[in-house]
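*Asks:* Next one to model:
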Amino acid sequence: MTSEPHSPTGPSPTVTDDALPGPPPGCPAHGTGPGGLNRLHEAEDLKELYERLRAEHGPVAPALLHDDVPVWVVLGHTESQQMVRTPGQYCRDSRIWTPLKEGLVKPDHPLMPHIAWQPMCSHAEGDEHKRLRGAIDAAVSTVDFRGLRRHINRSTQRIVNRFCELGEADLVAQYSEHLPMAVMCHVLGMPDEYDDRLVEAARDMLKGTETAIASNAYIMEALGRLTARCRAEPANDFASHLVNHPAELTDEEVREQLRVVLIGAYEATANLLANVLRQVLIDPRFRAQLNGGQMTVPEAVEQLLWDEPPFSTIFAYFAKQETELGGRRIRKGDGLLFAPLPANVDPRIRPDPTADMQGNRSHLAFGGGPHECPGQDIGRAIAEVGVDALLMRLPDVELDIPEDELRYTESIASRHLVALPVRFTPRPPQDVMQRPSHHNDTPPQQDWHIGAGRPETAPEPASAQPAAHLAPPPPQPVPVPPPAAVTDPGPPRNAWQRLLRWWRGY
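*Replies:* Alright, predicted model coming up:
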């Protein structure tokens, strides 16, 4: 083991923060605590702080949480993979966390809702994790992704219909925060529960406001009703498959797993969808690559999962034994933060952080190992179809404010876009069963095509026709020739367009 002069679990210095004047904002020492360690929750720019920690400490750095609770931040891509894929050394069970056992983490600690052990798969280990995660994986495997993509298209239509006639919208509050919830309610089997109140409750609970507990109770009540219905009348939905799985989950276990799936998928997908739409609107080259076919929408989604993962940091892993990670001595009971944001730009695996990753999926946006996100393909489908369908429906959509006026709320866990105001040509509502199209406001086209005769014109009025005794005999009608036969036995016409329509679920 290497010596660790900056061990986060080492003794605190005798000089307290109150004994010295604090550094001014903007100073590199601003936001530091005992031992000169950085307080993550006070960072004005977490991305910049992570890079400074990497330069100073390497791929694993000591830092502080609220109340100066010590923790390790895993910044390296390789080290992150090692941590999440080695359940024999690191687990998600916070009951072994030394600061918690020693009373340094109070019950009202701001991060306790994330870190405190709960009877859910994301905190379970060993056989219990296999039982709970096995039930979730089995339920996810029943999702019909073609049908899901069709439903995402219909949900897009329904949501865009709310604002398409106005010519302006906020694509965060009116779109990216609504589409994932509408889709997840459908997937879980509670489509009637989707409304503005459920969206507001999810956002409020994640923000940790004074009403977060009441919002969580509202969501749990909805999931309780869903669980009871699935017990009485099973259907072909996620919740029913979870209830009827051979693992025999209790009602409480079912509700907790549904909460993990619903809130985890909602928050991650809402952030991802907003980030992709923002990038399309602020980066002309990015949009040109999409419009020109050099980049597909799935590739654009993967690029944003590299550049700005929905969760910048995930709480938390705990050392089950004394070990070493990234050249640092990790003591039994130490806490470690899994940080996809800095790991995805580790210069050892990504020397140029601006490089196009071309659909590469080796990022850590969805975690890894036994606790890798089970619903990541559902999130990808929502983001991919949600972006594609919106741009087809509103092809001239543009950002309505300068890029530098976009505002974010940032925490240790994530960076959330507050608003994305846009303008576009007002358009009439569209049938939700119709595939997204920006041709819904054009007059119907005449029903003819190249290779066939033009439709017959209406006969002239009688006053415009010559007298019968002066007119020559009317000519016999000329039959319209059928379309010319195709002699080339090549592939059918528009095969690519049909393939795209099939993939998008139209």
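*Asks:* Tell me the buried residues in the helix or strand encompassing residue 280?
*Replies:* Assigned by DSSP states H and E, residue 280 falls within helix 251-282. In terms of neighbour count (16 or more other CB atoms under 10 Å), helix 251-282 has its buried residues at 253-281. Every residue, glycine included, has its C-beta placed from N, CA and C.
*Asks:* now do stretch 222-229
*Replies:* Per 16+ other CB under 10 Å, stretch 222-229 contains these buried residues: 222, 223, 226, 227, 229.
*Asks:* From the residues you listed, pick the one nearest residue 77.
*Replies:* The nearest member of the buried residues of stretch 222-229 to residue 77, counting by CB to CB, is residue 223 at 35.4 Å.
*Asks:* so which helix or strand takes in that closest one?
*Replies:* Per DSSP H and E: helix 212-232 holds residue 223.
*Asks:* Show me what that helix is packed up against.
*Replies:* helix 196-207, helix 238-243, helix 251-282 (3 or more CB pairs under 8 Å, 6 or more residues apart in numbering; DSSP states H and E).
*Asks:* Quick one, which of these gets closest to residue 61.
*Replies:* Taking CB to CB, helix 251-282 is the member of the helices and strands packed on helix 212-232 nearest to residue 61, at 24.4 Å.
*Asks:* Next SSE downstream of the closest one?
*Replies:* Remark: after helix 251-282, the chain's next helix or strand is helix 284-292, criterion DSSP H and E.
*Asks:* Using PDB, write out every CA atom in the helix or strand that that next one is followed by.
*Replies:* Once helix 284-292 ends, the next helix or strand along the chain (criterion: DSSP H and E) is helix 297-307. Extracted in PDB, the C-alpha atoms of helix 297-307 (Å, rounded to 0.1, in the frame of the first residue of the first chain):
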ATOM      1  CA  VAL A 297     -29.700  10.800 -33.900                       C
ATOM      2  CA  PRO A 298     -28.500   7.700 -31.900                       C
ATOM      3  CA  GLU A 299     -24.900   8.800 -32.500                       C
ATOM      4  CA  ALA A 300     -25.800  12.300 -31.300                       C
ATOM      5  CA  VAL A 301     -27.300  10.800 -28.100                       C
ATOM      6  CA  GLU A 302     -24.100   8.800 -27.400                       C
ATOM      7  CA  GLN A 303     -22.000  11.800 -28.000                       C
ATOM      8  CA  LEU A 304     -23.900  13.700 -25.300                       C
ATOM      9  CA  LEU A 305     -23.600  10.700 -23.000                       C
ATOM     10  CA  TRP A 306     -19.900  11.100 -23.300                       C
ATOM     11  CA  ASP A 307     -19.700  14.900 -23.100                       C
END
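*Asks:* tilt between helix 297-307 and helix 251-282?
*Replies:* With axes from the mean of the first three to the mean of the last three CA atoms, to 10 degrees defining the directions, helix 297-307 sits at 100 degrees from helix 251-282.
*Asks:* Who are the packing partners of helix 297-307?
*Replies:* Helix 297-307 packs on helix 251-282, helix 284-292, helix 376-393, going by 3+ CB pairs under 8 Å, 6+ apart.
*Asks:* Could you give the average pLDDT over it?
*Replies:* Averaged over helix 297-307, pLDDT sits at 92.
*Asks:* before we move on, what about stretch 419-439?
*Replies:* The average of the pLDDT scores along stretch 419-439 is 82.
*Asks:* Repeat that for stretch 269-279.
*Replies:* Taken as a whole, stretch 269-279 has an average pLDDT of 94.
*Asks:* go on, stretch 234-241?
*Replies:* The average pLDDT within stretch 234-241 is 95.
*Asks:* For it, measure first residue to last.
*Replies:* Criterion CA to CA, to the nearest Å; first-to-last residue distance in stretch 234-241 is 8 Å.
*Asks:* which other residues reach that stretch?
*Replies:* With contact meaning CB atoms under 8 Å, 6 or more residues apart in numbering, stretch 234-241 is reached by 138-140, 142-143, 187-190, 226-227, 230, 243-244, 254, 258, 261.
*Asks:* State the distance from residue 235 to residue 339.
*Replies:* Residue 235 sits 39 Å away from residue 339, taking CB to CB, to the nearest Å as the criterion.
*Asks:* Please say which of those two ends up with more neighbours.
*Replies:* Taking other CB atoms under 10 Å, residue 235 and residue 339 do not tie; residue 339 has more neighbours (25 against 11).
*Asks:* Give me the most central residue, the protein.
*Replies:* Computing the C-alpha centroid of the chain and ranking residues by CA atoms, centre = their mean puts residue 269 first, at 2.1 Å.
*Asks:* what's that residue in contact with, if anything?
*Replies:* 180, 184, 310, 378, 379, 382, 383.
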